[in-house]
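[1] Give me the fold of what follows.
(chains A and B)
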Amino acid sequence: MIDETEGYLVGEALVGEEPEIAHIDLVIGSKRGAAGAAFASSIAQPKQGHTPILGVIRPNLPTKPMTLIVPKVSIRNLADAEKIFGPAQSAIAKAVADAVEEGVIQKSRAEEFVVIVSVFIHPRGKDYQRIYRYNYAATKLALSRAVERFPNMDKVIEEKDKSIHAMIGFRINNLKKPPYLEVALDIPDWRRVEGIVRALPKSDAIIIEAGTPLIKRYGVEVVQKIHQLRPETVVFADLKTLDTGNLEARMAGDATADVAGFSGLAPVSTQEKFIEECKKVGALSLMDTLNVADPVKVLEKLKVKPDIVELHRPIDVELTQSRDREQETEWGNIAEVRKVCGNKVLVAVAGGVRVNKVEKALKAGADIIVVGRAITAAKDVTGAARAFLQRMGVEDVDQFRVMTDY
Amino acid sequence: MVKLSEEEVNEEESVFHKKLKIKLKEKGKEGRLILLQDYLDYLIKGNKTLPPDFPTFVREIMGLDERGGFLHIRIWHENSELVDFAKARGYEHKIDTYD
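    Residues are numbered from 1 along each chain as shown, chains lettered A, B, ... in the order given. Below is the predicted model:
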């Protein structure tokens, strides 16, 4: 079950419904190894509010392997203590014994092992039946998962970008499935922005851009407010940073931005610091190539590459140029940008994109289509955004995945 | 010279905003202060991030004309946070198109 090199196994499970929901983290390992040492030192050094107790099937009958129950939430009063010492303790002890009976833990080695179970019981949980049943199921599941070394690394990599954590209730979208529609909110009027954000269709394929004018008017905290309205939507803070790369990237990260943007005109060191800081705060970095004569040359100079390169036609140019000149200034060489970034980059195209240009942009290799006024100034914002999504061949994705993996 | 296509001109001209007519619980400055206090209380107790335009909103509320006890506040969506607030805090209100 456990080989000598591993020392101990770790299992986790979440079962039930709030407020009695059971969350179990456990360790099972040899008495002679780290698990045994932790077991003994925990008993010897109880912490206020988190006193560890032995798992007993009934008073005077501890379960085997010997099991230590550690409350995760501080026990503040007798009512909290009763839930741990009553239904939770009994359920965990029974689950461990049943795991032996069912062969999950080898009976012949039961004396060899100890189990440490960290148990979460919400102070609002009241129903003893539910506390018992949820903790029993969660302990059994965590034990079998520990023994099976669940999950394997392939599963972790496969699930990490598409799962919703039960407690946070939303999923972090890492933009792994292009194409995306980025809606640029360059309007420095919050209530209008709120209206647009609410009117946008619910789709995994939408990115909301907090445009530079919006951020200049209200500060980067506007990102947080957009996230409050749309927790699952990727929000891009278009900072167009030119200096103090790490500071501004950190500010965007603190304001919950999923993507933060810097200018390709910034000094190379600023750009690199921005990208590195984005990695630290868990945001994607975006290089804005507005007015950059040769984006490929700039990218070549960077030791670390951005996650996204936005080939950008400025609003002022967009408004003043004639139709004849449009072709000359359009987007640049997407294939070269991709190549210089080792093909690990998303390419966004911005500036004057209308529905009839979507196919052309996608054909040219764009992963993200950036649209501003064509959606934000439309009479029917929802319809305009849907027209783009439809033309991009993107269907609305159900954002709620049912957890069936018990 | 700015050149816009016909499509772009139409986009520039299109508007979709609405107004929230909300009745003050008391007349005059006192009523406005109660509304602002209530709104702040609603946001904080609901664990909501303050709207980024809150200082502007305060100035707007204090400066708007009172029409038969109602303030006409510009909104852009019938589900705006202000409408949610009006419903949650029992303010007499209606949503109208902006004229």
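
[2] Buried residues of stretch A:207-220, list them for me.
    Buried residues in stretch A:207-220, counted by 16 or more other C-beta atoms under 10 Å in any protein chain shown: A:207-212, A:214-215, A:217-218, A:220. To be clear about C-beta, it is placed using only N, CA and C from the backbone, and glycine gets the same treatment.

[3] scratch that, stretch A:54-65 is what I was asking about
    A:55-57, A:62-65.

[4] Quote the end-to-end distance of that stretch.
    Taking C-alpha to C-alpha, to the nearest Å, stretch A:54-65 runs 11 Å from one end to the other.

[5] and if you look at stretch A:3-14?
    This stretch, stretch A:3-14, spans 27 Å end to end (C-alpha to C-alpha).

[6] any residues touching it, and which ones?
    A:2, A:21-30, A:33-35, A:137-139, A:141-147, A:149-150, A:166, A:406 (C-beta atoms under 8 Å, 6 or more residues apart in numbering or on different chains).

[7] Buried residues in that stretch, which are they?
    Applying 16+ other C-beta under 10 Å to stretch A:3-14 flags A:8-14 as buried.

[8] ok so, going back, closest to chain B out of the buried residues of stretch A:54-65?
    Closest to chain B out of the buried residues of stretch A:54-65 is residue A:55 (37.0 Å), distances taken as C-beta to the nearest C-beta.

[9] Figure out how far stretch A:121-140 is from the centre of its chain.
    Mean-position distance between stretch A:121-140 and its chain equals 27 Å (C-alpha atoms, centre = their mean, to the nearest Å).

[10] Show me which parts of it are buried, residue by residue.
    Quick answer for stretch A:121-140 (16+ other C-beta under 10 Å): A:121-122, A:125, A:128, A:130-140.

[11] taking the buried residues of stretch A:54-65 one by one, which sit in helices?
    With helices defined by DSSP state H, no entry of those lies inside them.

[12] So which elements touch the helix or strand where residue A:42 lies?
    Taking DSSP states H and E as the criterion, residue A:42 maps to helix A:34-44. Contacts defined by 3 or more C-beta pairs under 8 Å, 6 or more residues apart in numbering or on different chains; DSSP states H and E place helix A:34-44 against strand A:22-30, strand A:66-71, strand A:113-120.

[13] Next, the angle from the last one to helix A:34-44.
    Yep, that's strand A:113-120 we're talking about. Here strand A:113-120 runs at an angle of 60 degrees relative to helix A:34-44 (axes from the mean of the first three to the mean of the last three C-alpha atoms, to 10 degrees).

[14] average pLDDT across strand A:113-120?
    On average, the pLDDT along strand A:113-120 is 95.

[15] Then stretch B:90-98?
    Here the average pLDDT along stretch B:90-98 is 89.

[16] Outside of that stretch itself, list whatever touches it.
    B:15, B:17-23, B:25, B:35, B:72, B:74-75, B:78, B:83, B:85-87.

[17] Can you tell me which of these are buried?
    The neighbour-count test (16+ other C-beta under 10 Å) marks B:18-23, B:35, B:72, B:74-75, B:83, B:85-86 as buried among the contacts of stretch B:90-98.

[18] Tell me who's in contact with the residue of chain A found nearest chain B.
    Nearest to chain B in chain A, going by C-beta to the nearest C-beta, is residue A:195, at a distance of 2.4 Å. Neighbouring residues of residue A:195 by C-beta under 8 Å, 6+ apart: A:381, B:16-17, B:75-77, B:80.

[19] Is it possible to get those out as JSON lines so that each row also shows pLDDT and distance to residue A:103?
    As requested, these are exported to JSON lines (pLDDT from 0 to 100; distance: C-beta to C-beta, whole Å):
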{"residue": "A:381", "pLDDT": "92", "distance to residue A:103": "59"}
{"residue": "B:16", "pLDDT": "57", "distance to residue A:103": "65"}
{"residue": "B:17", "pLDDT": "75", "distance to residue A:103": "67"}
{"residue": "B:75", "pLDDT": "89", "distance to residue A:103": "63"}
{"residue": "B:76", "pLDDT": "85", "distance to residue A:103": "63"}
{"residue": "B:77", "pLDDT": "85", "distance to residue A:103": "59"}
{"residue": "B:80", "pLDDT": "90", "distance to residue A:103": "59"}
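
[20] Just the ones of those in helices?
    Those of the contacts of residue A:195 lying in helices (DSSP H): residue A:381.

[21] quick one: the residue in chain B positioned nearest to chain A and residue A:375, what's the gap?
    Nearest to chain A in chain B, going by C-beta to the nearest C-beta, is residue B:76, at a distance of 2.4 Å. Remark: distance between residue B:76 and residue A:375 (C-beta to C-beta, to the nearest Å) = 14 Å.
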